[in-house]
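Novice: Coordinates for the following, if possible.
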Amino acid sequence: MTADTEIELKEAFQRAQKGHNNKAKLVASLKSRYNKLEDKTLFHEEFVHYLKYAMIVYKREPAVENVIEFVAKFATSFQPPPNAEDEQQQEEEEEEEDEDDHPFLSFIFNFLLESHKANNHAVRFRACQLVNKLLGSMAENAQIDDDLFDRIHQAMLVRVTDKFPNVRIQAALAMTRLQQPRDPDCPTINAYMLILENDSNAEVRRAVLSCIAMSPRTLPKVLKRTRDIKENVRKLAYQVLADKVHIKALTIAQRVLLLQQGLHDTSESVREVVCNRLLPAWLLRLDGNMIELLHRLDVENCAETAMETLKAIFKNKPMEELLQNKGQLDNRKVIPLDSITCETMLYWRALCEFLKGKGDEGEEALEQVLPDAATYADYLSGYLKEVPVLTEEQRADFSQLELVMTKEFISQQLIHLIGCLDTNEEGGRKRVLAVLQGMLALPQTPSSLVSLLTEKLLALIPDDQRRIQAVAEIISDVREPIMEASHPVDEKKSRRQQVKLAEVKVCIMEAKQALEDCIAAQDFSRAAELKDSIVALEEQRNQVLEEISESNQPVDKEVHAEKNDPETLLRCLTMCAELLKQMNMKTRTGPTISALMSSLILPSIASAHPAVRNMAVVCLGTCTLHSRELAKTHMVLLLQIAQLDEVKIRISALRAIIDLLLLFGFQLLSETASTQTVQPAQSPDKLEGDAATAEDKADIPEDTAQSILVMLSEFLDSEVGRFISSYIGEKKKFVSLSRGLESIFLSYCFQVSDLRTETAEGLAKLMYTGRISSAKLLSRLVLLWYNPVTEDDVRLRHCLGVFFQLYARESRAHQEIVEESFLPTVRTLLNAPVTSPLAEVDVSNVVELLVELTRPSALIKPSDNTEEVCVHDYLAVRMCGEMLKDPTAPEVRLFAKTLSNLELSRGETVREDLTTLLQKLVQVVKDRVCLRALEKMLHQLVDSKEQAEVPDTSALQPLDVNADEAATEDPSKSVKRPKRGQRKASSAKGGRRPSRRAESSEESDGENVPESVPVVRPSRRAKTAALEKTKLDLNPLINQEANVS
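Specialist: As a prediction, the model looks like this:
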């Protein structure tokens, strides 16, 4: 090769670094030079020689990226463009000409495949990047040799397991065109699914999401990424589903779950993707038919999700378009009863509520889609009266039952629409009230509608006393309806009357016969007497007939008959519970409520039907919130119910007890236990000061507060974990266990789990509000959160996860409670037997969580005094004392590592004490890792002032582009995934940390861009010089190499 050619090749690489150069011209010029050469071997070697300068740079420098782009374009320019006319001829000659058509491309691939195993992670990264660029730059119908395909495939499968995220990203992207979705054993698809499940780096998961092919195998994995811990991954997962997956490819459950999670996502950007990408894509595939979209969601079982979906769609629609799509409304602005469906009814309700929420802007539009109150009240009454009441035989018919359920769902939506009516007009409001009261008093009204009807009725009545009076009257009409009572006919008396009537008739006939005889004999005086007697007998006959008719018509009387059947009691209790819930907390219980308590609520607690008892407990608990005297009177009853009744009823009683303790405090228990005398009721304002803690109550022997804590602790230790573990372990032995018995067993386990969850939530509320202050209970909650048995209890995990953060950040006193629970929690985990689920918990994760919770900088209002002794100081002393007890214990290494993550105060006394303890530890601890950590901590304490002035060298930016290679490749810095049922503690900002390497490896571009916080602020000139150093230029290196050669 001539010198002129060498210069032109080097010049091409130099010019390729500049972003403003036209790479197409460079490619054409260099390709022309290449085609003129007879011996292309030297060109290949020289080309690779210059390419290596770019491949050793790991940073995403613009100059290097331009070179990589240039190389990919140049290499793929040798591939012949596809010709549609000569496709058949090309297929025939493909095997013969495949190797000769692009020798340079084959040479580049061979070089990259040989380089992907290099020790330098920069070379591996650039090799995978170039393979990705080359495959991506090829034509859509391009073909490569089978051997080359297999070699690329195997190499990239190795590189997707690389320890550097950027290498894994490029390897995953390079395999995009190597997928075979129809092959059930495709290794690329299998690797992609494994990465989505297990890769710890979010950017790697995003890369796989962007290129994975959709198929029945991969769809569940992509759906699972919508619940990823990282916001960007969730966002991309929804984008992929919107662009690549048809709505018909998803099941109803999958569609509903996607919308539930997406519309309630904590990230605003994810919610925007769901509203602006996913929903429009689904509507587009359904030709914009929103009713059809509701059909795809099964609105009867997910009404709230469907409502939120429609409102999200309405936000992106202009008002004119919404008014044009009014559904099937007729001239009365209602849907005809014969054409109403669940979907059209829900769409109507969503549209009205959306317009109602627009304020004044939507008032005029609302008048076009909703009638006046009186017309709607008649429409509602007409539909509710058509809901059939099924007999026991009809309930066995599934079609009949389904029809009634559909009508009840539509009725619920119609009742919800009452909130959108304009009830300012007196006549319309009275008509709506009359309809609601009539439907509540009607026995044929379904029980599922009672609560909703009562809620809407109370919303139209602003005054509490009027509410109480209205509901009490309805309850009286339902439970004691007016009935007509009739007396039975006396059969003996009726028989005597009939005999007397017959005798009178015979006498009349005899007298008439005698009268005829006298007239014939012309005995007129006797005839006159007989005529008078006949008149008297006829009067007697008429009198007897009147008596008979009166006795045959029973006398009807209106009486009040009390009904105590379960359905009636449940209906009345439901209305009462809704009334108590809607009442203002400051409204005291009057005579009407007291009468309901004595005649309805308290007798129903002794009912044999669980549903009636449960609703009665709910009413009792709600009613006691309005009166301190009632709370003291019935607290013992609630405690008994919480321990003795069915699980569902125990949960209701437990909720009532927790609410009473939150409102009145534990002082209520001492008053209940100490005296039974009636004391004057206190106002809620005074009750706010009763914040007596449970620990204070525990000092009194046999105190009620102590009994409650014992009960709650037993609920936390519910048998569900032991039941489930024994069930899973022994399931194989119970082969003959019937399905019905198995379902009953699991149902009971889940009910007990709900009791445990409710207890944990109640304890969290009591601790957060200051009613309880107990390190032991906090330790129990932490262990419950980490216990693998509660892994599937989403509500429990979410509740405790939020509670820990809020509780510890609230005040210094709360952090002291967390610090006090540190050692008991750690000891429990370390001493857990192998058979216990707690043995699977990673103790280091628990320690990290407790350290982060007690960080002084995590407080909402941190102290400005840096000399003040903080919680971490006490925690450090506790850990040092624990290590001194047994220097050979396995937890010593964990404590030594944790010491370096604490935020210690700058007080001299604290540092001197810690220094003394650390010096003793250094003398007795033999483990090298522990000694190294303790000596480092001791050195930081002794030279704290000097260390504060000198920045951490591990956080400085290296001058050499590959200077951090050795440090980054340290395998000890890799992040391990937690075990099943474990939570990884979130990293806190600030504090003393040994290095940022482990954290930087979590991000795709963070390996050699560590975060640094210098102590001394550099000058503007220093900043400019540092910025110039970051702009890498390959020309000096190339020129230096040329001069040496």
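Novice: Helices of the stretch 301-450 of the chain, start to end?
Specialist: With DSSP state H, counting those that start in this stretch as the criterion, the stretch 301-450 of the chain has helices at 303-315, 319-324, 342-357, 360-369, 373-384, 392-395, 398-416, 426-441, 450-459.
Novice: Including distance to Ser32 and mean pLDDT, could these go into JSON lines?
Specialist: Placement of C-beta: from N, CA and C, glycine included. Formatted as JSON lines, the helices of the stretch 301-450 of the chain follow (distance: least, CB to CB, whole Å; pLDDT from 0 to 100):
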{"stretch": "helix 303-315", "distance to Ser32": "57", "mean pLDDT": "93"}
{"stretch": "helix 319-324", "distance to Ser32": "58", "mean pLDDT": "84"}
{"stretch": "helix 342-357", "distance to Ser32": "65", "mean pLDDT": "92"}
{"stretch": "helix 360-369", "distance to Ser32": "67", "mean pLDDT": "85"}
{"stretch": "helix 373-384", "distance to Ser32": "81", "mean pLDDT": "91"}
{"stretch": "helix 392-395", "distance to Ser32": "86", "mean pLDDT": "74"}
{"stretch": "helix 398-416", "distance to Ser32": "74", "mean pLDDT": "90"}
{"stretch": "helix 426-441", "distance to Ser32": "86", "mean pLDDT": "91"}
{"stretch": "helix 450-459", "distance to Ser32": "81", "mean pLDDT": "93"}
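Novice: any chance of the ones you listed in a markdown table, plus distance to Thr574 and mean neighbour count?
Specialist: Listed next are the helices of the stretch 301-450 of the chain as a markdown table, based on distance: least, CB to CB, whole Å; neighbours: other CB atoms under 10 Å:
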| stretch | distance to Thr574 | mean neighbour count |
| --- | --- | --- |
| helix 303-315 | 20 | 19 |
| helix 319-324 | 36 | 12 |
| helix 342-357 | 23 | 21 |
| helix 360-369 | 31 | 14 |
| helix 373-384 | 17 | 19 |
| helix 392-395 | 21 | 10 |
| helix 398-416 | 14 | 17 |
| helix 426-441 | 10 | 18 |
| helix 450-459 | 5 | 20 |
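Novice: From the centroid of the chain, which residue is nearest?
Specialist: The centre of the chain sits closest to Gln261, judged by CA atoms, centre = their mean, with a distance of 6.5 Å.
Novice: Could you check how many residues crowd around Thr888?
Specialist: Per other CB atoms under 10 Å, the neighbour tally for Thr888 reads 10.
Novice: and if you look at Arg285?
Specialist: For Arg285, using other CB under 10 Å, the count is 14.
Novice: quick one, what contacts it?
Specialist: Listed by CB atoms under 8 Å, 6 or more residues apart in numbering, the contact partners of Arg285 are 246-248.
Novice: For it, what are phi and psi?
Specialist: Dihedral angles of Arg285 (phi, psi; degrees, to the nearest 10) stand at phi -70, psi -10.
Novice: tell me the pLDDT at it?
Specialist: For Arg285, the pLDDT comes out at 93.
Novice: distance of it from Arg928?
Specialist: Between Arg285 and Arg928 the distance is 63 Å, computed by CB to CB, to the nearest Å.
Novice: Out of the contacts of Arg285, which end up buried?
Specialist: Neighbour-count burial (16 or more other CB atoms under 10 Å) applied to the contacts of Arg285 gives Ile247.
Novice: As JSON lines, the contacts of Arg285 with distance to Val826 would be great.
Specialist: Below are those laid out as JSON lines (distance: CB to CB, whole Å):
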{"residue": "His246", "distance to Val826": "52"}
{"residue": "Ile247", "distance to Val826": "50"}
{"residue": "Lys248", "distance to Val826": "53"}
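Novice: Of the contacts of Arg285, which is the nearest to Leu830?
Specialist: Set against Leu830, the nearest of the contacts of Arg285 by CB to CB is Ile247 (51.4 Å).
Novice: The closest residue to the closest one other than its chain neighbours: what's it in contact with?
Specialist: Closest residue to Ile247 apart from its sequence neighbours, by CB to CB, 6 or more residues apart in numbering: Trp282 at 4.6 Å. Trp282 is in contact with 242, 247, 293, 296, counting by CB under 8 Å, 6+ apart.
Novice: so Trp282 sits in a helix?
Specialist: Yes: counting by DSSP: H, G, I helix; E, B strand; the rest coil, Trp282 is part of a helix.
Novice: Which stretches in the stretch 651-800 of the chain count as helices?
Specialist: Under DSSP H, counting those that start in this stretch, the stretch 651-800 of the chain gives helices at 667-674, 684-687, 694-698, 704-716, 720-730, 739-768, 775-786, 794-810.
Novice: make that the stretch 1-150 of the chain, sorry
Specialist: Under DSSP H, counting those that start in this stretch, the stretch 1-150 of the chain gives helices at 3-16, 23-36, 41-55, 62-76, 87-101, 103-115, 121-137, 146-159.
Novice: for the stretch 651-800 of the chain, which spans come out with low pLDDT?
Specialist: Scanning the stretch 651-800 of the chain for pLDDT under 70 picks out 671-704, 718-751.
Novice: Between the contacts of Trp282, identify the one with the most neighbours.
Specialist: In terms of neighbours by other CB under 10 Å, the contacts of Trp282 top out with Leu293 at 23 neighbours.
Novice: per-residue confidence at that one?
Specialist: pLDDT recorded at Leu293 is 93.
Novice: same check, this time on Leu904
Specialist: Here the pLDDT value assigned to Leu904 is 83.
Novice: And what about it, helix, strand or coil?
Specialist: State at Leu904, reduced to three classes by three-state DSSP: coil.
Novice: Also the one 5 residues further on?
Specialist: In the three-state summary, Thr909 is assigned as helix, counting by three-state DSSP.
Novice: quick one: it and Arg893, what's the gap?
Specialist: Remark: distance between Thr909 and Arg893 (CB to CB) = 28 Å.
Novice: and the two? which has more neighbours close in?
Specialist: Between Thr909 and Arg893, counted using other CB under 10 Å, Arg893 has the larger neighbour count: 16 against 11.
Novice: nearest spatial neighbour of the more buried one, skipping sequence neighbours?
Specialist: Cys930 is the one closest to Arg893 (CB to CB, 6+ apart), at 5.1 Å.
Novice: Distance across stretch 918-933, terminal residue to terminal residue?
Specialist: 10 Å (CA to CA, to the nearest Å).
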